[in-house]
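Enquirer: This is the structure alone, sequence omitted:
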């Protein structure tokens, strides 16, 4: 068994998945507590991508809990391939959603000053949600990297 930090079925992998869930949920709550986020497709897309990431990470966290508790080895090349591909897909979704939302927030705050005119828009909460979404993406990238490193070690 390869000892790679963040690989499936290890304590570090479980910590990585739980932190992805926590930050994704925090980002969703920060965006949903603001007014008017559903009027803009970039914000709505980011919320949907974060929900997909949350469900994926929660499912893999449950698998990691089972594996750690029962000392099962999850280092099978087919299972690791499935996890790596799923991590890539969710990481790309979260990154594109966070990038699109960041561009809309920059447009609102710095270019058109809509946040000053329409004070009901929670631009500060939108920015916080975007920062948390980028943290989720970084954790997802770390998970992708560790899974890919484990996958390459099978060759």
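Expert: All right, it came through fine. In this text the structure is predicted, and so the values were computed from the model without any measurement.

Enquirer: for residue 75, phi and psi?
Expert: Note on residue 75: its backbone torsions stand at phi -90, psi 60 [degrees, to the nearest 10].

Enquirer: how many other residues sit next to it?
Expert: 20 (other C-beta atoms under 10 Å). Bear in mind the C-beta positions are built from the backbone N, C-alpha and C, glycine included.

Enquirer: contact partners of the helix or strand bottoming out on mean pLDDT in the chain?
Expert: Scoring the helices and strands of the chain by mean pLDDT, DSSP states H and E places helix 114-117 at the bottom, with a mean of 85. If you take C-beta atoms under 8 Å, 6 or more residues apart in numbering as the criterion, helix 114-117 is touched by 107, 108, 109, 121, 123.

Enquirer: what residues are up against the residue most central in space within the chain?
Expert: Per C-alpha atoms, centre = their mean, the C-alpha nearest to the average position across the chain is that of residue 136, at 3.6 Å. Residues near residue 136 by C-beta under 8 Å, 6+ apart: 20, 23, 24, 27, 50, 53, 94, 98.

Enquirer: any idea which of those residues is closest to residue 75?
Expert: residue 20 (20.2 Å; C-beta to C-beta).

Enquirer: Give me the number of neighbouring residues for the closest one.
Expert: Around residue 20 there are 30 residues (other C-beta under 10 Å).
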